[in-house]
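Trainee: Pasting a predicted model and its sequence here:
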Amino acid sequence: MEYLECLKQNQHMQGFTSGGGFMYWSFTDSIVKTTMNSTMRAQTEVHGGHLGGLDYHDGRIYASFLGNALPGHAWEDWTAFKIYVFDADDLRLIEKINLDICDYYKSITCTPEDTRGFQAIDGVAIAPDPFTGDERMFVACALYTGEKYSNQIILEFTLDGKYITEYHVPTGNTVFGIQNLDHDRTTGEFWFTTYGGGEPYMPRETLFCVKPDFSGVSRKYRFSTPYGFECIGNGEYYCSLQGGKNGDRYGIAYRTGEELFSANKSEAEINEYVKGLMNK
């Protein structure tokens, strides 16, 4: 099985993206560039918040960023919602894009009239607008836990952060909402990953393929890959494993076809199965 590794990281893996012959990895407090043979080429630490998902586009890396909560507040009470843009060559931070609409969502979240459940931002995908074809930035949202928060939320922006619209995808409530978002340019479909949840109203599936216009889910799988997911094209994907403890984390991106998604295995079973293939 073809796979890549990113080793010796401080915190939890958030996602990965490939482009220009390299792989880019997001961990909570750093972004890393490796060759496709897993050799590290650059790393930039990020302070004052929490990195999320990321995407490569036109020599730049777009990554979601949440500002740290105020002292004494719950960890999810984020103080900023931004897209950090890094130069793909040396991972120099070149721009911070404010997502002002998220401050508005935060101000109405958890009031009786609110049914969105917006908590934060995470996955990022650069893709054509489903109706105009213009290149846009799609940002996936994290959700609060609760049965009424049954729609996943995806926000659409211009590449410089101007809000355009939002899409609601009905799946049932998931733990922290969407973790990774990606676009398959060979089919026009979007994919997103979630954590598995134990509440009766939460779906058993954790990987969702969404129609190009976000009008609904076309396929869904009980398949765990919440630490990273990327569409390579032509029915192939990079999926994720992570391990270690904070202070010594590692991440793995392994290549597979869609047939593995139907295996209906638990996260532990998938990890064991994939690691077995990697060792062959």
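Mentor: That came in fine, so what should we check first?
Trainee: Would you map the helices across the stretch 101-250 of the chain?
Mentor: With DSSP state H, counting those that start in this stretch as the criterion, the stretch 101-250 of the chain has no helices.
Trainee: which stretches of it have low pLDDT?
Mentor: 110 (pLDDT under 70).
Trainee: let's see it at 80
Mentor: Regions of the stretch 101-250 of the chain meeting the criterion pLDDT under 80 cover residues 109-114.
Trainee: Break down it into its strands, ranges please.
Mentor: In the stretch 101-250 of the chain, the segments counted as strands under DSSP state E, counting those that start in this stretch are 118-128, 135-143, 151-157, 163-170, 175-183, 190-195, 207-210, 217-221, 229-233, 236-245, 248-257.
Trainee: do you know which of those lies nearest residue 10?
Mentor: When the strands of the stretch 101-250 of the chain are compared by Cβ to Cβ, strand 248-257 sits nearest residue 10, at 6.6 Å. (Glycine included, C-beta is placed from N, CA and C.)
Trainee: Tell me which strands that closest one pairs with, and in which orientation.
Mentor: strand 3-9 (antiparallel), strand 236-245 (antiparallel) (DSSP bridges).
Trainee: Any buried residues in stretch 46-55, and which?
Mentor: Buried residues in stretch 46-55, defined by neighbour count with 16 or more other Cβ atoms under 10 Å: 46, 49-55.
Trainee: for stretch 34-45, same thing?
Mentor: 34, 42-44.
Trainee: sorry, back to before: for the strands of the stretch 101-250 of the chain, give me TSV that also has distance to residue 263.
Mentor: Formatted as TSV, the strands of the stretch 101-250 of the chain follow (distance: least, Cβ to Cβ, whole Å):
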stretch	distance to residue 263
strand 118-128	23
strand 135-143	25
strand 151-157	23
strand 163-170	24
strand 175-183	19
strand 190-195	16
strand 207-210	11
strand 217-221	9
strand 229-233	16
strand 236-245	12
strand 248-257	10
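Trainee: Let me have these in JSON lines, extended by mean neighbour count and distance to residue 265.
Mentor: Listed next are the strands of the stretch 101-250 of the chain as JSON lines, based on neighbours: other Cβ atoms under 10 Å; distance: least, Cβ to Cβ, whole Å:
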{"stretch": "strand 118-128", "mean neighbour count": "23", "distance to residue 265": "23"}
{"stretch": "strand 135-143", "mean neighbour count": "24", "distance to residue 265": "24"}
{"stretch": "strand 151-157", "mean neighbour count": "21", "distance to residue 265": "23"}
{"stretch": "strand 163-170", "mean neighbour count": "15", "distance to residue 265": "24"}
{"stretch": "strand 175-183", "mean neighbour count": "25", "distance to residue 265": "18"}
{"stretch": "strand 190-195", "mean neighbour count": "25", "distance to residue 265": "15"}
{"stretch": "strand 207-210", "mean neighbour count": "21", "distance to residue 265": "12"}
{"stretch": "strand 217-221", "mean neighbour count": "16", "distance to residue 265": "10"}
{"stretch": "strand 229-233", "mean neighbour count": "20", "distance to residue 265": "16"}
{"stretch": "strand 236-245", "mean neighbour count": "18", "distance to residue 265": "12"}
{"stretch": "strand 248-257", "mean neighbour count": "19", "distance to residue 265": "13"}
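Trainee: quick one, which of those is nearest to residue 11?
Mentor: Nearest of the strands of the stretch 101-250 of the chain to residue 11, taken as Cβ to Cβ: strand 248-257 at 6.1 Å.
Trainee: quick one: that closest one to chain centroid distance?
Mentor: Computed by Cα atoms, centre = their mean, to the nearest Å, the chain-centroid distance of strand 248-257 equals 14 Å.
Trainee: Next, the angle from the helix or strand just after that strand to strand 190-195.
Mentor: Downstream of strand 248-257, the first helix or strand assigned by DSSP states H and E is helix 267-278. Between helix 267-278 and strand 190-195, the angle comes out at 120 degrees (axes from the mean of the first three to the mean of the last three Cα atoms, to 10 degrees).
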